[in-house]
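Chemist: Structure for this input, please:
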Amino acid sequence: MHQKIREITHIPRRRVIFGVVTAVLTMACGNEPLPKAAGPQPADVMLSDVLANPKAYDLALLRVSGWCSIAFEATALWLDDETSERSGDRAVWLNLGWPVSDEIRALNGTHVVVEGRFDSQQKGHESLYSGMFVEISRIEQTPEAKEDADQRP
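Modeler: Numbers count the residues shown, from 1 in each chain. Next up, the predicted model:
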């Protein structure tokens, strides 16, 4: 009798270890998103500094803010929102591709923050700009601009 109980309840050690490891890995792989890997962080710089000396920031990972223009052949980040002063030496091209999503298109005319790699050799559409942001990982309206938009009638 004891022999039969022992045969029924005896589980090889490998199966027990495999079962425990599987249970632990299953619990560790829940629905929680994985934290972002800590990679290089963009340097906070003023757009005016980038425009004044583009070569100093060539291929650097940067975070800048400025006035966003989203239009076919005119997607750029401007130093200011004065449309009468629009010249390429006051802006950098944003390499976002075309067409852009409705979410990106909604940023047109707003103050935004952009994170990406700056390339001083690429000058955007018809080489009219002071450089180009490539590998853009973030573009969003600044908190100040959101507050201003919320306060408008």
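Chemist: List the residues that contact Asp119.
Modeler: For Asp119, the contacting residues are 58-59, 131-134, by Cβ atoms under 8 Å, 6 or more residues apart in numbering. Where you see a C-beta, it was placed from the backbone N, CA and C, and this is true even at glycine.
Chemist: which one of those sits closest to Val113?
Modeler: For Val113, the nearest member of these is Phe133. The distance, counting by Cβ to Cβ, is 11.6 Å.
Chemist: Report the beta-bridge partners for that closest one.
Modeler: Taking DSSP bridges as the rule, Phe133 bridges to Leu94, Phe118.
Chemist: Settle this for me: Val64 is touching Val113, isn't it.
Modeler: Yes: counting by Cβ atoms under 8 Å, Val64 sits close enough to Val113 to count as a contact (7.4 Å).
Chemist: who has more neighbours, the two?
Modeler: When neighbours are counted by other Cβ atoms under 10 Å, Val64 comes out ahead of the other of Val64 and Val113, with 25 against 19.
Chemist: Quick check: Ala71 is in a strand.
Modeler: No: note on Ala71: no strand contains this position according to DSSP: H, G, I helix; E, B strand; the rest coil, which reports coil.
Chemist: How about it: what's its closest non-neighbour residue?
Modeler: Here the nearest residue to Ala71 in space, its sequence neighbours aside, is Asn108; by Cβ to Cβ, 6 or more residues apart in numbering that works out to 6.9 Å.
Chemist: which stretch of helix or strand covers the one you found?
Modeler: Secondary-structure assignment from DSSP states H and E places Asn108 in no helical or strand segment.
Chemist: Any stretches of this structure with poor pLDDT?
Modeler: Across the chain, residues meeting the criterion (pLDDT under 70) sit at 1-38, 82-88, 127, 145-153.
Chemist: got the residue ranges for the strands in it?
Modeler: In the chain, strands defined by DSSP state E lie at 43-44, 61-69, 76-78, 91-94, 111-119, 132-141, listed in chain order.
Chemist: Switch the ones you listed over to CSV; also include distance to Glu103.
Modeler: Supplementary listing: the strands of the chain in CSV, determined by distance: least, Cβ to Cβ, whole Å:
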stretch, distance to Glu103
strand 43-44, 24
strand 61-69, 12
strand 76-78, 17
strand 91-94, 14
strand 111-119, 12
strand 132-141, 9
